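> Build the 3D model from these lines:
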Amino acid sequence: MATKFEKIAGNDSIFNNKEYIADSIIFNSIESARSAFDCKIYSDHKNVIILFANNSPRIWLWTSDTIKDDTNKLIDICRFLRDSNVPKAEIYLKEEVAGTFSDLYALTTLEINYSVKDEFSLAVYTYNKKNQEIEIPELEKDEKIIKVDKDNEAHKKLVTDFYMQLKDEFRWNDKFERKVNEYLQMEFYALVKDGRMIANAVIGGKTEQYLRIKSIAVLSDERCKGFGYKMCLFALNKIRERNLTPILYTHVGNKSAVALWGKSGFSVKEKLYLLKIENND
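Now for the predicted structure:
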């Protein structure tokens, strides 16, 4: 008999069990998303599935460690996701169950012309040097860091112009406005020089212990000049001022980002797996 996944509230008891709490560093996004009114959370009271609203393809899946050897349970999860009809789904899950899950998802979705568009791992980094001073390189005279006000039209233009130059690299062409608006809702700092934003740091996704650096970005013609490092250290200080542990995710194949996080004092805590699904209808 198939497991029934029921819609649950963000304060459901599963979020208080010891295994989830010990693992929630991996799913910081679940911790921040479960309190959002526009996310739908489902559970069999051992595993958690979060579907984002507004036709977002993003799905976060948290599984109990006991699921590794429970093929039937994994198939139930795959069937639930298949029947949810999320277009171009992006499923985030633990790396240790990813291989089996991917194979079973393929098996349960044969009739809807499924294919794996992309598969890769994400590294989860944390910064734990709580007692170490962070010395941010000094800004030049023509440089300043501002906190972006989403209601300030001049600030919004800085952000839009900045990401317009990066949208092809970020593959944002079909989701540009949504991504810009998403970032504007977060804590957003811009390094401005000669009237234009050349780098930024975006912070968002808070739990009781962790606060996520969502993004550090630098214009292509301003890279390798230390701006990304400055913004990373600036964001670290902002997070540590609140006695929280900085956390971030990055693609393990992104060599420049991996180098930046290592230079800034981050270390790999865990790995995630991202499975991108394409329906070939």
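> which parts of the host helix or strand of residue 161 are buried?
Element membership of residue 161, judged by DSSP states H and E, is helix 153-164. Of the residues in helix 153-164, 155-156, 158-159, 162-163 count as buried by neighbour count, 16 or more other CB atoms under 10 Å. To be clear about C-beta, it is placed using only N, CA and C from the backbone, and glycine gets the same treatment.
> packing partners for it?
Applying 3 or more CB pairs under 8 Å, 6 or more residues apart in numbering; DSSP states H and E, we find helix 153-164 packed against helix 176-184, strand 187-193, strand 196-206.
> Tell me what angle the longest one forms with helix 153-164.
Which is strand 196-206. 90 degrees (axes from the mean of the first three to the mean of the last three CA atoms, to 10 degrees).
> one step back: touching the helix holding residue 161 from outside, list them.
Residues from elsewhere that reach helix 153-164, judged by CB atoms under 8 Å, 6 or more residues apart in numbering: 146, 148-150, 170, 172, 176, 179-180, 183-184, 188, 190, 192, 196-197, 200, 217, 219.
> Select only the buried ones of those in ChimeraX?
The ChimeraX command for the buried members of the contacts of helix 153-164 (criterion: 16+ other CB under 10 Å) is given here:
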select :148,172,180,183,184,188,190,192,197,200,217,219
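> returning to what we had before: for the buried residues of helix 153-164, which one is nearest residue 108?
Lowest distance from residue 108 to the buried residues of helix 153-164 (CB to CB) belongs to residue 163, with 37.2 Å.
> if I look at the closest one, how far off is residue 175?
Distance from residue 163 to residue 175, counting by CB to CB, to the nearest Å: 11 Å.
> and residue 6, what does it touch?
If you count contacts by CB under 8 Å, 6+ apart, then residue 6 has 42-44 around it.
> for residue 260, same thing?
For residue 260, the contacting residues are 216, 228-229, 232, by CB under 8 Å, 6+ apart.
> Repeat the analysis, applying 6 Å as the threshold.
Contacts for residue 260 (CB atoms under 6 Å, 6 or more residues apart in numbering) come out as residue 228.
> how about it, secondary structure?
Reducing the assignment at residue 260 to three states with DSSP: H, G, I helix; E, B strand; the rest coil gives helix.
> any idea how far residue 49 is from it?
Remark: distance between residue 260 and residue 49 (CB to CB) = 32 Å.
> Same check on residue 71?
Here the criterion is CB to CB. By it, residue 71 lies 18 Å from residue 49.
> Neighbour count for the two, which is higher?
More crowded of residue 71 and residue 49, by other CB atoms under 10 Å: residue 49, with 24 against 12.
> surely that one meets residue 40?
No - with contact defined as CB atoms under 6 Å, residue 49 does not reach residue 40; the gap is 8.7 Å.
> Can you spell out the domain ranges of this structure, please?
Here the domain assignment for the chain is 6-125+275-279, 143-265, based on automatic domain parsing.
> Next, the distance between the ends of the shortest one.
What that stands for is domain 143-265. 24 Å (CA to CA, to the nearest Å).
> for the stretch 1-150 of the chain, what spans make up the strands?
6-8, 40-43, 48-51, 58-62, 90-94, 114-126, 143-147 (DSSP state E, counting those that start in this stretch).
> pLDDT of the host helix or strand of residue 169, averaged?
Using DSSP H and E, residue 169 sits within helix 167-170. Averaging pLDDT along helix 167-170 gives 92.
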